[in-house]
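1. predicted coordinates and the sequence they were generated for:
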Amino acid sequence: MLAAGDGQAVYSSEKEVTGQAQEQKYCLTFFAPEPKLRSPPSYKNLLPLAEFMHPFPMSQIFRTLHILIAEDNLINQKLAVRLLQKQGHTSTVANTGREALEAWTQQSFDAILMDMMMPEMDGLEAAMAIREREKTTGTHIPIIAITANAMMGDRDKCLAAGMDEYISKPVDVAKLYEVLHRLTSE
């Protein structure tokens, strides 16, 4: 039997000696040093090393983006939000292409992740509507198609509708981060 607590470990066993049980106990005392509290690491010291090791400029690595997620599937919404949060980004979710268009007109975003197939207005229609409105403003927001449609010609349809990039589901997370970085740092 073994018991532990308060810096001690106790082991006991029963041993039979000439027909009678005899209990033996051993006690070990141990001490663990108190953890030393220290201040959080300074990232200033790490920047030159990170700059050398990472292919992206540090100003972009630590830049927080606000991204519009146009996706009608709840699980995909949660996944996209979480993936973006892991990189320090914030997001707004739209359930339809129409909601995405409304959100884009009311808020400022750095990029849009657009599903192709959504109710009311699909991603292609929403992207074309955004591009049409941008003609009057002279602005351009990166729109990234994220879709389960991986058939021949789907990429071309997305690009023809004005989307800047195409990523098929299941999403390659490294590719998503790379595309976001590339399109938002131009």
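-> Ah, there it is. The shown structure was predicted, so the numbers you read here are calculated from the model rather than taken from an experiment.
2. the closest residue to Phe109 other than its chain neighbours in helix, strand or coil?
-> Distances taken as CB to CB, 6 or more residues apart in numbering put Leu68 closest to Phe109, at 4.5 Å, once the chain neighbours are dropped. Bear in mind the C-beta positions are built from the backbone N, C-alpha and C, glycine included. In three-state terms, and counting by DSSP: H, G, I helix; E, B strand; the rest coil, Leu68 is strand.
3. what is the burial count for Leu68?
-> 25 (other CB atoms under 10 Å).
4. tell me the contacts of Gly97?
-> Gly97 makes contacts with 70, 114, 118, 120-123, 125-126, as judged by CB atoms under 8 Å, 6 or more residues apart in numbering.
5. buried residues in the longest helix along the chain?
-> As assigned by DSSP state H, the longest helix anywhere in the chain is helix 123-137. For helix 123-137, burial by neighbour count (16 or more other CB atoms under 10 Å) applies to 123-130.
6. show me what it is packed up against.
-> helix 97-106, strand 111-114, strand 143-147, helix 154-160 (3 or more CB pairs under 8 Å, 6 or more residues apart in numbering; DSSP states H and E).
7. what sits up against it?
-> Contacts of helix 123-137 (CB under 8 Å, 6+ apart): 70, 97-98, 100-101, 104-105, 112, 114-118, 121, 140-141, 143, 145, 147, 157-158, 161-163.
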